[in-house]
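K.L.:
here is the input, now give the coordinates:
(chains A, B, C and D)
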2 protein chains.
Amino acid sequence: MGIAERKERDKEELRERILVAAKTLFLEKGVEKTSIRNIADLIEYSPGSIYHYFKDKNEIFHALHQGGFQQLMGRMEVLASVSNPMERLKGMGSIYVQFALENPDMYDLMFIKDAPILHVSNSNEEQWKEGFGTFNFLRSTIKECIDVGHFRGHEEEALSFLVWSTVHGMVSLRIRRRCEVVLAQRQDTIVKDGLNEFFSILDRLSS
Amino acid sequence: MGIAERKERDKEELRERILVAAKTLFLEKGVEKTSIRNIADLIEYSPGSIYHYFKDKNEIFHALHQGGFQQLMGRMEVLASVSNPMERLKGMGSIYVQFALENPDMYDLMFIKDAPILHVSNSNEEQWKEGFGTFNFLRSTIKECIDVGHFRGHEEEALSFLVWSTVHGMVSLRIRRRCEVVLAQRQDTIVKDGLNEFFSILDRLSS
DNA sequence: AAAAATAAATGAACAGTGTTCAAAATAAAA
DNA sequence: TTTTATTTTGAACACTGTTCATTTATTTTT
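P.N.:
Now for the predicted structure:
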C-alpha cells in the first residue's frame, strides 16, 4: 500500500511548490502585492487549489516566516564555538544586523509586518517557538555575561529586551526608510556606525 | 469679491472633514481597512469626490502623519525649560515612549508603516521636514551632552541614531506584537523596564 | 474491464478594494 | 436668462481574498 504514501509525497511536493512560488513573488514584490492568483499562475494551477494546501494567505506567509527564523538561527550556529559570552553577544548583534540588511523583505516579514501568526490562530505559545528560540539564545548569553561579572546593576530580562530593541530599531528604521533624516553622507553607513557605537557602549558596561 | 474667498474656505473645510473622517476610521480600524468608500460614506459624499481634494489615499494618510509629528513635537515643548541636556535627553525618551504607547496607531503610521510620503512623490527633503525637526532636536541635545563632557569617545550623529533606534525598537516591537517572547509576567512592563535600563546605561556613560 | 467511490482541481461568483472619467448637477458670470 | 465654470456623481475597470458547486482525475470495488 505505497499509494497512500506516494499521494502524501505528491501533496507535500505541491505544498512546497506553492511555498517556493510564494517566496519568489514575495521577494520580488512584497507580501501585499503578491496575490493568490499570482501564485496560482506561477505554478499553473487554479486559484482555488491553493486553498486545499493552505487555510489562507496568512498561513502561506507564516510558513515563509518560519523558514526565515531557521535561516537566522542557522547563521547564529557559528557562534557556538565562541566561549567568551561578551564576544558571542557582539557576534549575535553583527549577524542579526547583517541578516536584516541582506534579507530586508524576510526581516520585514519576521519582525516588522503585522505578524501572520496573529491571523492564523489565537497565538498560543506553540506558534511562537521560533521567536522563543532566538530570544532565549540572546537571554542566555546575557545571563552568562552577568554571571561572569558584566553589566553590574542590570537585570537579565529587561537588558535582553533592550539589546534586541536596539539592533531591531536600527535595522527597522533603515528597512522602513526612516533614515532620510540623518546626514545624507552618513545614510549608507549609519546602521554599521550605530552598531559600532553600541558595541563600544557594551564594552564600557563590561566592568 | 468675497465669493472666491468663501469658496476657498468651503474647499478647505471639506478637505478638513475628509481628514477628520479618515482619522476617525483609521483610529478605529487601521489604515488598510479604511477605504475611500468608508470615508466617503461618513462625510456623505460620493467616493469620486475625495479625489478632488486628495491625489490618492496616500496623500490623505500623509496629512494625518504630519499631524502626528506636530502632536509629538508639541509634547516635547515642555522640555524647553530643562537646561541640563542629560535630563532633557531622558525626558525626550520618556515622552517619545509615552506618545508611542498612548497613540500606537499614529506611531505606527509615523514610524513603522511603509511611509505614505514615498508613494506620494519622489521623497525630496522638503517632505521630511517634520522628521528632520524631531531628529534635529535629538541631535542637538546629544551635541550639548557631548559639549558638556558626556559620552566621551562617541560621535554625535551615530549616537543620535543609536538612541533613537533604541526607543523606536522597544515601542515598535511592542506595537507590532513581538513581545510575546519575553516572560509572560513581564510583558506589560517590559518597555518601561527596558527604558529604565537604558537610562541607567546613559547615566553610566555620562562621565 | 466496468462501475462505484474517493480525491483533486476548477473557475465562476461574491463582496470588497483604489482609481478614473464622462455625464449630470450646481453655482457664478455675462 | 443664457453662458461659462465648478463641483459632484456613480458607473466602470481591473484588481483583491475567499468560497463552493461542478467537473475532472484517480483509486477501489465489483
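K.L.:
what strand or helix carries the residue in chain A that DNA strand C sits nearest to?
P.N.:
For chain A and DNA strand C, the shortest gap (Cβ to the nearest atom of the strand) falls at A:Gly48, measuring 2.0 Å. Glycine gets a C-beta too; all of them are placed from N, C-alpha and C. Using DSSP states H and E, A:Gly48 falls within helix A:47-50.
K.L.:
what helices and strands are in contact with that helix?
P.N.:
With contacts taken as 3 or more Cβ pairs under 8 Å, 6 or more residues apart in numbering or on different chains; DSSP states H and E, helix A:47-50 sits against helix A:36-43.
K.L.:
list the contacts of the helix it packs on.
P.N.:
Contact partners of helix A:36-43, identified using Cβ atoms under 8 Å, 6 or more residues apart in numbering or on different chains, comprise A:14, A:17-18, A:21-22, A:24-25, A:46-47, A:49-50, A:57, A:60.
K.L.:
based on its surroundings, how many neighbours for A:Phe111?
P.N.:
24 (other Cβ atoms under 10 Å in any protein chain shown).
K.L.:
residues touching it, list them.
P.N.:
So A:Phe111 contacts A:100, A:168, A:172, B:173, B:176, B:178 (Cβ under 8 Å, 6+ apart).
K.L.:
and it, how far from A:Pro104?
P.N.:
A:Phe111 sits at a distance of 11 Å from A:Pro104 (criterion: Cβ to Cβ, to the nearest Å).
K.L.:
picking that back up, buried stuff in the helix holding A:Gly48?
P.N.:
A:Ile50 (16 or more other Cβ atoms under 10 Å in any protein chain shown).
K.L.:
same check on stretch A:101-120?
P.N.:
For stretch A:101-120, by 16+ other Cβ under 10 Å, it's A:103-113, A:115-117, A:120.
K.L.:
sitting in strands, which of those do you find?
P.N.:
Residues of the buried residues of stretch A:101-120 located in strands (DSSP state E): none.
K.L.:
most widely separated two among those?
P.N.:
Of all pairs drawn from the buried residues of stretch A:101-120, the greatest distance, 23.3 Å, lies between A:Pro104 and A:Val120 (Cβ to Cβ).
K.L.:
what's the burial count for the residue nearest to A:Pro47 when sequence neighbours are not counted?
P.N.:
Computed as Cβ to Cβ, 6 or more residues apart in numbering or on different chains, the closest residue to A:Pro47 that is not its neighbour in sequence is A:Ala40, at 4.4 Å. The number of residues packed near A:Ala40 is 17, by other Cβ under 10 Å.
K.L.:
now do A:Gln66
P.N.:
Around A:Gln66 there are 16 other residues, counting by other Cβ under 10 Å.
K.L.:
which residues touch it?
P.N.:
Contacts of A:Gln66 by Cβ under 8 Å, 6+ apart are A:Glu130.
K.L.:
restricted to helices, list the contacts of A:Phe111.
P.N.:
Residues of the contacts of A:Phe111 located in helices (DSSP state H): A:100, A:168, A:172, B:173.
K.L.:
how about A:Gly153, secondary structure?
P.N.:
Classification of A:Gly153 using DSSP: H, G, I helix; E, B strand; the rest coil returns coil.
K.L.:
just give the closest residue to the most centrally placed residue in chain A, not the sequence neighbours.
P.N.:
Nearest to the mean C-alpha position of chain A, by Cα atoms, centre = their mean, lies A:Met110 at 4.2 Å. Closest residue in space to A:Met110, ignoring its immediate chain neighbours: A:Gly68 at 4.7 Å, by Cβ to Cβ, 6+ apart.
K.L.:
show me where chain A has strands.
P.N.:
According to DSSP E, chain A contains no strands.
K.L.:
where does it dip in pLDDT?
P.N.:
Within chain A, the stretches with pLDDT under 70 are A:1-7, A:116-128.
K.L.:
that one: helices as residue ranges?
P.N.:
Applying DSSP H to chain A gives helices spanning A:2-29, A:36-43, A:47-50, A:57-76, A:85-102, A:104-107, A:116-120, A:129-147, A:156-175, A:190-204.
K.L.:
which one of the ones you listed is the most hemmed in?
P.N.:
Neighbour counts (mean count of other Cβ atoms under 10 Å in any protein chain shown) averaged over each of those peak at helix A:156-175, with a mean of 24.
K.L.:
now the angle between helix B:190-204 and it, please.
P.N.:
On the basis of axes from the mean of the first three to the mean of the last three Cα atoms, to 10 degrees, helix A:156-175 is oriented at 90 degrees to helix B:190-204.
K.L.:
do helix A:156-175 and chain B meet?
P.N.:
Yes - for helix A:156-175 and chain B, the contact criterion (Cβ under 8 Å from any Cβ of the partner chain) is met by A:157-162, A:164-170, A:172-173.
K.L.:
tell me which other helices or strands that helix touches.
P.N.:
Using 3+ Cβ pairs under 8 Å, 6+ apart: helix A:156-175 touches helix A:85-102, helix A:104-107, helix A:129-147, helix A:190-204, helix B:156-175, helix B:190-204.
K.L.:
redo those as JSON lines? Include distance to B:Gly131.
P.N.:
JSON lines is the format used below for the helices and strands packed on helix A:156-175 (distance: least, Cβ to Cβ, whole Å):
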{"stretch": "helix A:85-102", "distance to B:Gly131": "21"}
{"stretch": "helix A:104-107", "distance to B:Gly131": "20"}
{"stretch": "helix A:129-147", "distance to B:Gly131": "30"}
{"stretch": "helix A:190-204", "distance to B:Gly131": "14"}
{"stretch": "helix B:156-175", "distance to B:Gly131": "11"}
{"stretch": "helix B:190-204", "distance to B:Gly131": "22"}
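K.L.:
so which of those gets nearest DNA strand D?
P.N.:
The closest of these to DNA strand D is helix A:104-107. By Cβ to the nearest atom of the strand, the value is 16.0 Å.
K.L.:
does the closest one come close to chain B?
P.N.:
No - applying Cβ under 8 Å from any Cβ, one finds helix A:104-107 separated from chain B by no less than 12.0 Å.
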